[in-house]
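Peer 1: Please find the sequence and the predicted model below.
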Amino acid sequence: MINMGSSVFTANAAAETSSRAAMATASAEGFAARLAREQSLARNNDEAAETKHAKEREARTAAEQLVAQTFVVPLLKKFRESNNAAPPFAPTSAERMLRGVADSNLAETIVKRSDWPLVDQLAQRLLNGGKPSSTGAMT
């Protein structure tokens, strides 16, 4: 009889151990699935933030180029045309040919390194699909 009780006890212990192992495995699988899901969500959030940041950069660059070409290049052109330097200091034919390129590059550098509210507003409008921003629209 003692043998039977011992084997019943052993069978119960084995069943309980097996049950605990199954629960631990299920728990580990659940944890792994949840971890994978959370990592996937984090990747998606990172990609969304990256996409948003790329769009903002693109809008800012487009706004800077627009302001540079529309407002700054004509001013630089006027300044260069009013150059009445004496012949040794006057621009050469090569300098006159490349004036437009130099003016464009200088204008873009000026606008990029400056903090113009006009550029901010244009970039915001580009991001909003042409609609004025609700936070401090220019009047």
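Peer 2: Nice, I can see it. Keep in mind that what you see is a predicted model, and the values were worked out from it rather than measured. Residues are numbered from 1 along each chain as shown.

Peer 1: So what does the residue positioned nearest the centre of the chain have for phi and psi?
Peer 2: Of all residues in the chain, the one closest to the mean position by C-alpha atoms, centre = their mean is residue 53, 2.0 Å from it. For residue 53, the backbone dihedrals are phi -60, psi -40 (criterion: degrees, to the nearest 10).

Peer 1: Toward the C-terminus, what is the element adjacent to whichever strand or helix holds residue 29?
Peer 2: Residue 29 is located in helix 2-67, with elements delineated by DSSP states H and E. Later in the chain than helix 2-67, the nearest helix or strand by DSSP H and E is helix 73-81.

Peer 1: From the chain's centroid, how far away is that following helix?
Peer 2: Distance of helix 73-81 from its chain centroid, counting by C-alpha atoms, centre = their mean, to the nearest Å, is 35 Å.

Peer 1: and residue 123, how many neighbours?
Peer 2: Using other C-beta atoms under 10 Å, residue 123 has 22 neighbouring residues. To be clear about C-beta, it is placed using only N, CA and C from the backbone, and glycine gets the same treatment.

Peer 1: Go ahead and confirm residue 103 touches residue 73.
Peer 2: Yes - Residue 103 is within contact range of residue 73, at 5.2 Å (criterion: C-beta atoms under 8 Å).

Peer 1: Give me the residues contacting stretch 88-100.
Peer 2: 77, 80, 83, 85 (C-beta atoms under 8 Å, 6 or more residues apart in numbering).
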